[in-house]
Each structure stands twice: as C-alpha cells, then as structure tokens.
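Peer 1: quick check, what structure comes out for this input:
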Amino acid sequence: MKRILVLLILAGFYQAAFAQGEFDPSNNKFRQLGNDLSTPNVYRNAAGKPGHMYWQQRADYQISIKLDDENQRISGTEYITYFNNSPDMLDYLWIQLDQNIRMKDNLGKISMPMQMYERTSPYYFGRMMSDFDGGFKLTRVEDSKGKSLDYTVNYTMMRIDLEKPLKPGEKFRFRIDWWYNVNDREKDGGGRSGMEYFSEDDNYIYTIAQFYPRMAVYDEVEGWQNKQFTGRSEFALVFGNFDVSITVPSDHKVAATGVLQNRSEVLSPGEQTLFKKAETSFDEPVIIFSEDQARKAIAQKAKGTKTWHFKAEDVRDFAFASSRRFIWDAMAVKFGDRNVLAMSMYPPEGNPLWEHYSTRVVAHTLKVYSSHTFDYPYPVAWSIHTDNIGMEYPMICFNGGRPEADGTYSERTKWGMIGVIIHEVGHNYFPMIVNSDERQWTWMDEGLNTFLQGLAEREWDHNHPSPKGRPRDIVPYMKGDISNISPIMTNGDLIMQFNSNAYAKPATGLNILRETIMGRELFDYAFKEYANQWMFKHPTPDDFFRIMEDASAVDLDWFWRGWFYTTDHVDISIEGMKVFTFNDGDPVKQAETKKEADEKMPEELTVQRNRQEFKSMVERDERMRDFYDSYDANNVSGSSIEQYQRSLDGMTDLEKELVRKNPYFVQLDFKNIGGLVMPLILRFNFNDGSSEIIRVPAEVWSHNNVSTSKVFVFEKQVETVELDPFLETADCDTENNYWPHRSVPSRFEMYKYNRRGGSNPMQEAGK
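Peer 2: Residues are numbered from 1 along each chain as shown. Okay, the predicted model is just below:
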C-alpha cells in the first residue's frame, strides 16, 4: 500500500508538468526553421560556412581626386579593374552613385512620406527645402582604350553596358571622371558625408565618403545588389585594393583609409619623428600635431596644395577627412608581431574631451573586439571628430561628441562620445571585414556591432550607466504598439522604429543568448567561429543562424524564429504554486499535523453565537457526558505504531530516503503571455532567510508553448519565488513574476543623461 501511494504522488507530478494548454501543436515554436532558411549548396553549406565552391567578385581602384576648398567641390578620376570570379557571363555592370541622394529630385526625397508636427526636426526641413545642387556630374565613362561606354543612370545606380559579355575569369578595366558639390550637413539635411563650416574663422572640416562611383555586389544570393539608396539602408560593397591620391590645401591634415605612402612629402621632419614615436607608444597617445599648431594653421591659411597618397589592401570602401583645424594624436596597439596605429584627428572645439579619450577608446575597442572575433587585420584605425554624426568606413570613422565652448561637458556628452567611437570603430569588424549586405539586412552589421559595443562599454567601466544590449532597456519597445513594430528580419528600408529594431533588439537578443541561453563559453566560441569563417567574405543571416548552432550543439531555431522573425515579446507569469510533502504514514506525525490544523481552525460562527445565547444540553446535564467527551482523538494507539513500523521495514531504499529527508515538492505553474518562450530563471527564498537560484532551459516549453509546470524538490520550506530576478530576459511585465503576487515599481526606467544645453555639472562645480 505504501509503495502504491508513492507512485500515485509522483505520477500526479508528471501529469501536471506536461499538462496541455491552449496551443496549436502544428505551430510549435520549437519546430525547426526548415524551409524558412535557404537550401544549403556548394557555395554556402549546412554548417553556415563558405562552401567548397564559394566565390566572390573583386574590384581594384586607382583614384585621383582634388578637394577645392574655395568652392567646396570634389573632382576626380578613377580607374576600376573589375574581376569576374563568378561562373556567370555578365552583359553589364552596375555602379553605385550614392552622391545622387543629394540630387534635387532624388528618389529618397520624392518618395519619403512626411507629416508636419508642432515640433519638427531640422533634418526634415533640410530635406524638404534644400536647393543644394548635389549628385555626381559624370564627365567621362570609357574603357581602358579611351572608347566611350554606353551607360544608363537610374537615380543612385548606373548600368554600364558591355560591348561583349565579361566571361568567368576575365577582368574589365574602365575609367570614370566626375565632380560634385560637397554638402553642408547643417544646411542640407545632415548626411553621412559632407562638411562642417566654422564661420568665426571661415574654415571647414571635410569628412568625405561615397565620393566616387563604387561597384555594386554581384553574388549567387541576389545577383546584382542594385537596390536604390534612399538614405537609410547602407551599402553592399566589393573587396579590393585602393590606390588613392588626394590633393588638398597645403596646410590641411588628411586622415584616410589605408597607409600614407609619402610621409616625407606631406609631414614636417618634426611630425615624422613624432609619428615614428607613436608607432611604439603603447601606454598613451603621442601628439603629432598640437592644438597650438592647429590654431596657427587656422589663422594663417597657407596657399598652395599638397597631395596625400594612400594605399589600402582588401578593403570594401575608402573614405577620408581633411582640414587645417585638425589636432592629431596616435598610439600603438600590439597584435602578435604587428603594431597597429590607433589615431584621432579633431579640432580645438573637441578638447579637452577628445585629447583625453578618443585615441584611448580606439585602442580599447580594437582590443575588446579582437578578443571576441579575430585580431584586427588592418594597419591603422582612425577616429575623426565632427558635428553630431557617427559613420563608419574601413580604418576610419566620423564621430560626434563636442564639449561646451568653455571646455566643460555633460555626462551625456562624455558617454555619448565614448559610445559612438566604440560603435563606429567596431564597424571595422562588422561589416567592413565580415562583409554582410547592409542594404538588405541592417541588423547583420548594426545589431552584431551594437552587441559588441555593449561588451566593450562594460569592459571600459563596470559602472557604465547605459551599456548597449542590456535586456531591461528594450522592454519599452518590445511591449509597445504592435502596429509600429517590425520583425528584425525585415529589409532595412521597411523597418519601423529603426534604431530599436536594427540595433537594440538584435544586440539584446545576442546578449540574452550569451548570458542566459547558451552561456559564455559556447556562445563566444560559436560567435568567433562565425567571424573567422566569414572575414573578408559576404555572409547572409542563414549563415549566421546555422553556424551559431553548428559550433555550439545548441538548438536555437526557437530563438531565431521568436526573436528575429516575429514581433512577440517576453511576458511569462507565475500562475500558481502548490507544495506537497511526502506522506510516509507515520501515525505520530499525522496526529501532530491534525492537532495543529484543529487548533488553527476557527470556531464556527453559529457555535460562537449559540454559546452567548444559551447552554447546550451537555452543559445543563453532566450525565450526558461519556468516554468520548474526554477522549483525545489525536492519541496514537500502540497497534498503529506497530503497523507503521512493519511498513517501514518493507520500504525500498528510495522510500526510506524520502522518509528520512521529508522534502518539500514545490510545483510552479507558468503561463506564456507575450508569446516568446524563454528559460525560467527562478530565485527561491526559504523560511530560514536563505535563497537559491535555479535555471530551467527554454525547452521546458517545448510540449506546450502557452503553459507549463515544473516541480522542484527542497529540504527547506519555500516562502516566496521570483522569476527573472536579474532582469536578463527582457520580461515586459514584472508584476506577475512573483509568488505570492505583489505589486512592484517599474524597474525599467532608462538612465537619464543631462540634456545638452544650459549648465552641466562641471560648470556648476566651477561656480
């Protein structure tokens, strides 16, 4: 009888743990992605790695440009050598003309829906009202023999029609001459590239990108990636070598993609000496061109020009910055037997913040990102200061973060500057080296990079006030109006709430994978494998999803489907708790338990009132009392004890262990309200003041995505339970995370920076 009782109890628990709720088994969230992913082939295999017949195109550039500082104009000549490494014959080539986004009737402007509000950003006024004459002016398009080529311009794309098809293994060299007017970002609606004007001394900072016609990508996934550039989704580009000569005013300092080839021609002997010193300075930056020197150059405005010559190998793009306002510092970062130069250029307006932080942040970023991916392969990494933008290119990026005129700055400005430098320098890894298609999948570079930015921010300062990828920060977006939310797996031009969707949500998802679902060891190995397999290649989302699973042996299809393909959110509630103890049949314990229960049972209200109104028959006549009026029903007879002892002797070892420990069986019932399944992280608080954390994998939901139960065994009595105590799953409603239920204040208040403008704490301290 005893053995039957134990089995009935345990069978009851099993049934509760796998009880079915209201869900469609054919639509189980744990089903494999299957047909949602592309079919593996000889180019991209089922492990998420390049296949044995993987190929990609190549384009080498020889470019000569002139920066006209008087008229704010760039003119150039380029020779492109295009290598057809595909198995296909190509009848035409597609060229990107990204500067055409600045044409008066560009597609981005005429197709952008707009509404007027009482508070409207100057950016939109700039887009609506600008009469800026932008865009490429093409003056020559010809082959290597000087023969004109037929071409067609379609907004930001140009098709060059070949006289004869370009066969597999062949190359084609051609020439394009052009010029365009450089846009003023303040007047002309912002932009990734352009100039900033300083009216007080009639000077400019030029941060120049997308300045030359660039080859589009041709691959086995999309064919030609010739989707129009409308200003948001960024770029799909081909790797190659660049040989670039940049002619600028003679007193300008130039930073660019690649290695400076003619140092002795453009730098003074003193600057060359300091540059050499910086190449082995690992502890602090060396100032190559000081603030005093920059101010002198600003005042004197030298005449004439100089040509700076740069070369870069295996890069997908080229950008540069030029100004006489630049201060220049540099330091070295060691990778094996190589020294990489981390460098910054910034105007006096950037100090003291930039001189103190910028180059050190560049060096820190290279170290942290390399530890999670691969050693930084390029020879230099630049951070260039300009007005309130952040934009990335191979080896060089443009970053905001400007102190007040008196040199003070708010905490927001400091952390914002450090964050944007980490982010933009980090883009060297994604997508400059792991070269995903930004035009199609914004999250593949922005999301992965934002995730690594969060790691670098945490390694910079444990007390960073708002590191990227923190789960609790994505909650307001995740629980927002579903009509304004898109799945991550949405083309970049179609995304709503762009930053939350393409930056924050994928970064948060990766952080949850690393810390909560996979664990650091498995995640870090798989993520590094992805980076190394696809460096200097063109991965797709499918490649990323597959390799993360292949290298870790963790089935993540449920996570990719929920977090990347849907707009579901996390909201898991504790619906109830039941506590069971093992009934071993001990008559003494049973009697004590019954006695305690009897004593706690309140007397019936009717009996209480009857006592007040009259005496009972027994009270009026003592003769009505007998043996049972003084008998204690909780007394245990000797025969009961003997029977119990016989049952003990017949117990199995397991049953005896249960009798000895007398554990508490705690059943918790959970409900998935938000739709996204997640692991259950539970903190059990016991009656002796101690607590215990238990982590249950997400697969607990695999038999029922809507409701599930789990039984836990303790030797102490549980008083309270808390779900997701460290806020690591982005649960959107924490009020239902407790048992017993309780109301809690919001724990998702974002860190509040001081808004720029007015006084900041540094200024107040000075007063």
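Peer 1: residues near residue 412, how many?
Peer 2: For residue 412, the count of nearby residues is 18 (other CB atoms under 10 Å). Yep, even glycine has a C-beta here, placed from its N, CA and C like the rest.
Peer 1: A helix includes it, no?
Peer 2: Yes: counting by DSSP: H, G, I helix; E, B strand; the rest coil, one finds residue 412 located in a helix.
Peer 1: check contacts around residue 135.
Peer 2: With contact set as CB atoms under 8 Å, 6 or more residues apart in numbering, residue 135 has these partners: 97, 99, 100, 101, 102, 103, 106, 180.
Peer 1: got JSON lines for the residues you listed, with pLDDT, secondary structure and distance to residue 688 too?
Peer 2: Putting the contacts of residue 135 into JSON lines (pLDDT from 0 to 100; DSSP: H, G, I helix; E, B strand; the rest coil; distance: CB to CB, whole Å) gives the following:
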{"residue": "97", "pLDDT": "97", "secondary structure": "coil", "distance to residue 688": "72"}
{"residue": "99", "pLDDT": "95", "secondary structure": "helix", "distance to residue 688": "71"}
{"residue": "100", "pLDDT": "94", "secondary structure": "helix", "distance to residue 688": "72"}
{"residue": "101", "pLDDT": "92", "secondary structure": "helix", "distance to residue 688": "67"}
{"residue": "102", "pLDDT": "90", "secondary structure": "helix", "distance to residue 688": "70"}
{"residue": "103", "pLDDT": "89", "secondary structure": "coil", "distance to residue 688": "74"}
{"residue": "106", "pLDDT": "72", "secondary structure": "coil", "distance to residue 688": "70"}
{"residue": "180", "pLDDT": "97", "secondary structure": "strand", "distance to residue 688": "75"}
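Peer 1: now flag whichever of these is closest to residue 638.
Peer 2: Using CB to CB, residue 101 comes nearest to residue 638 of these, at 96.8 Å.
Peer 1: roughly how far apart are that closest one and residue 156?
Peer 2: 6 Å (CB to CB, to the nearest Å).
Peer 1: what is in contact with the two at once?
Peer 2: Applying CB under 8 Å, 6+ apart, one finds that residue 101 and residue 156 are jointly contacted by 229, 230.
Peer 1: now, the most widely separated pair of the contacts of residue 135?
Peer 2: Greatest spatial distance in the contacts of residue 135: 106 and 180, 12.8 Å, computed using CB to CB.
Peer 1: which one's the longest helix in this structure?
Peer 2: Taking DSSP state H as the criterion, the chain has its longest helix at helix 353-372.
Peer 1: what residues sit buried inside that one?
Peer 2: Residues 353-355, 357-370, 372 are the ones in helix 353-372 that count as buried (16 or more other CB atoms under 10 Å).
Peer 1: how far off centre is that helix?
Peer 2: Put simply, helix 353-372 sits 19 Å off its chain's centre (CA atoms, centre = their mean, to the nearest Å).
Peer 1: average pLDDT for the very next helix or strand once past it?
Peer 2: The helix or strand immediately downstream of helix 353-372 is strand 380-385, counting by DSSP states H and E. Strand 380-385 shows a mean pLDDT of 98.
Peer 1: point out the other helices and strands that strand 380-385 packs with.
Peer 2: On a contact count with 3 or more CB pairs under 8 Å, 6 or more residues apart in numbering; DSSP states H and E, strand 380-385 meets strand 253-256, strand 338-346, helix 353-372, strand 396-399, helix 411-426.
Peer 1: redo that, cut-off 6 Å
Peer 2: The criterion is 3 or more CB pairs under 6 Å, 6 or more residues apart in numbering; DSSP states H and E, and the helices and strands that strand 380-385 contacts are strand 338-346, helix 353-372, strand 396-399.
Peer 1: can you redo the ones you listed as CSV with mean pLDDT and distance to residue 696?
Peer 2: Listed next are the helices and strands packed on strand 380-385 as CSV, based on pLDDT from 0 to 100; distance: least, CB to CB, whole Å:
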stretch, mean pLDDT, distance to residue 696
strand 338-346, 98, 44
helix 353-372, 98, 28
strand 396-399, 98, 43
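Peer 1: for residue 759, find the nearest of these.
Peer 2: With distances scored as CB to CB, the stretch of those nearest to residue 759 is helix 353-372 (16.9 Å).
Peer 1: centre of the chain to stretch 443-462, how far?
Peer 2: Worked out by CA atoms, centre = their mean, stretch 443-462 lies 6 Å from the chain centre.
Peer 1: kindly report the same for stretch 590-610.
Peer 2: 60 Å.
Peer 1: try stretch 50-61
Peer 2: 28 Å.
Peer 1: buried set for that stretch?
Peer 2: Those buried within stretch 50-61 under the rule 16+ other CB under 10 Å are 50, 54, 55, 56, 57, 58, 59, 60, 61.
Peer 1: gap between the fifth one and residue 116?
Peer 2: Between residue 57 and residue 116 the distance is 45 Å, computed by CB to CB.
Peer 1: now the strands for the stretch 1-150 of the chain?
Peer 2: Ranges of strands in the stretch 1-150 of the chain, per DSSP state E, counting those that start in this stretch, are 58-68, 73-83, 90-96, 137-143, 150-154.
Peer 1: direction included, what does the shortest one pair up with?
Peer 2: Think strand 150-154. The pairing partners recorded for strand 150-154 under DSSP bridges are strand 157-166 (antiparallel).
Peer 1: what's around residue 99, how many residues?
Peer 2: 27.
Peer 1: now residue 58, which residues is it bridged with?
Peer 2: residue 83.
Peer 1: that one reaches residue 237, doesn't it?
Peer 2: No: the criterion here is CB atoms under 6 Å, and residue 58 misses it with residue 237 at 11.3 Å.
Peer 1: now do residue 448 against residue 389, distance only.
Peer 2: As for residue 448, its distance to residue 389 is 21 Å (criterion: CB to CB).
Peer 1: which of these two has more residues huddled nearby?
Peer 2: Set side by side, residue 448 and residue 389 show more neighbours around residue 448, with 25 against 19, by other CB under 10 Å.
Peer 1: now do the phi/psi pair for the more buried one.
Peer 2: Backbone torsions for residue 448, taken as degrees, to the nearest 10, come to phi -60, psi -40.
Peer 1: quick one: it from residue 501, how far?
Peer 2: In terms of CB to CB, residue 448 sits 14 Å off from residue 501.
Peer 1: again, but for residue 247
Peer 2: In this view, residue 247 and residue 501 are 42 Å apart by CB to CB.
Peer 1: more crowded one of these two?
Peer 2: Neighbours per residue (other CB under 10 Å) separate residue 247 from residue 501, with residue 501 holding more: 23 against 20.
Peer 1: quick check, that one in a helix?
Peer 2: Yes: counting by three-state DSSP, residue 501 is part of a helix.
Peer 1: nearest residue to it other than its sequence neighbours?
Peer 2: residue 495 (4.8 Å; CB to CB, 6 or more residues apart in numbering).
Peer 1: ok, now which residue in this protein is the farthest from the centroid?
Peer 2: Farthest-out residue of the chain from its mean C-alpha position, per CA atoms, centre = their mean: residue 623, at 85.9 Å.
Peer 1: tell me the SS of that one?
Peer 2: Per three-state DSSP, residue 623 ends up helix.
Peer 1: how about residue 712?
Peer 2: Strictly by three-state DSSP, residue 712 counts as strand.
Peer 1: where does pLDDT dip in this protein?
Peer 2: 1-21, 108-114, 120-130, 583-585, 644, 744-758, 767 (pLDDT under 70).
Peer 1: ok, now with 50
Peer 2: Scanning the chain for pLDDT under 50 picks out 1-21, 749-755.
Peer 1: for residue 467, see how far away the residue nearest to the spatial centre of it is.
Peer 2: In the chain, the residue lying closest to the centroid (CA atoms, centre = their mean) is residue 507, at 2.0 Å. Plainly put, residue 507 is 10 Å away from residue 467 if you go by CB to CB.
Peer 1: same check on residue 286?
Peer 2: For residue 286, the distance to residue 467 - CB to CB - is 30 Å.
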